[in-house]
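Q: Have a look; sequence and predicted model below, questions after that.
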Amino acid sequence: MRKTRSRGFTIVEIAIVLVVVGLLLGAVMKGQELIGSARVRNIIDSVSGIEAAYFGFVDRYRRVPGDWGMKEASVAIGVTLNGGGDNDGRIDNESSDKWKEPNALWEQLAKAGFLQGEFKGGTAEPNATNRLAPLNPYNRIMVIGSTDDYLAGGTATVRLNLVLGRGMPVDIAREVDVKLDDGAPDTGSVRLAVSTGATFGEPAQSERNCVADGADGAKIYAVSSDSQDCNLVYLF
């Protein structure tokens, strides 16, 4: 009876397999890099568009969007609005009714033609499906308010700001900061959101592991933590 010998892979065959695996891994990594870059660009474009919309509205109507009373704003804009504020010249977010003016802001900006979207106004907390606020690329809500819920080298002061939304990987958050500002999480116009006690609660907070102390004691984005739930605040 004739015996057959099993034949193993040759060095050439193994090399070909390794090359193919390397190419596939390279393609996957390049694809992830392109997706990340697209999301950074999307976030930056959103910040620029929202800031331009806000100041464009103020310039046209001489009123603060969201703070403007519902009836007066409806007449001036020429549409029926569901939300409005108390006409005190600022976005209020008192604990008893903290979403009223922030939600009205998005509705008034959109219905006046400064933003795309069909925002409904109202006083409920926004989420990914109720069309009360815009979403970032990670399907988390954005919000504008007057708060001090951001990291600061000294004492944070209450300022009008745009919360860019949770769900950002820490390396993406750092890249957004680098491209828009100074790359530091506690200085400049782009800051990391606080991890607890935010005025708007969980949607306006950032995971604790997004920030760390650098070698010189300065705050840095903790890229090595690989956090996937960071949140930025853009100060107007």
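A: Arrived safely.
Q: residues touching the spatially most central residue of the chain, list them.
A: With distances taken as CA atoms, centre = their mean, the residue of the chain nearest its centroid is L164 (2.3 Å). Contact analysis of L164 by CB atoms under 8 Å, 6 or more residues apart in numbering lists 43, 46-47, 136, 142, 176, 231-234. Placement of C-beta: from N, CA and C, glycine included.
Q: I figured G167 hits D229, correct?
A: Yes. Using CB atoms under 8 Å, G167 is in contact with D229, at 6.0 Å.
Q: Test my guess that A222 contacts C210.
A: Yes. The pair A222 / C210 is scored as a contact, 6.0 Å apart, by CB under 8 Å.
Q: out of these two, which sits in the busier spot?
A: A direct count of neighbours by other CB atoms under 10 Å for A222 and C210 places C210 higher, at 26 against 22.
Q: tell me the contacts of E107?
A: Contacts for E107 (CB under 8 Å, 6+ apart) come out as 81-83, 119-121.
Q: Low-confidence ranges, the chain, go.
A: Applying pLDDT under 70 to the chain flags residues 1-9, 12-13, 15, 17, 19-20, 22-36.
Q: any idea where the helices of this structure begin and end?
A: For the chain, helices defined by DSSP state H occupy the ranges 11-61, 70-77, 100-111, 170-180.
Q: Deepest-packed of the ones you listed, please.
A: Greatest average neighbour count among these goes to helix 100-111 (a mean of 26), per mean count of other CB atoms under 10 Å.
Q: chain center to it, what's the gap?
A: In terms of CA atoms, centre = their mean, to the nearest Å, the centre of helix 100-111 is found 18 Å from the chain centre.
Q: now swap in stretch 169-189 and tell me
A: Distance, centroid of stretch 169-189 to centroid of chain: 12 Å (CA atoms, centre = their mean).
Q: end to end, how far does that stretch reach?
A: Taking CA to CA, to the nearest Å, stretch 169-189 runs 20 Å from one end to the other.
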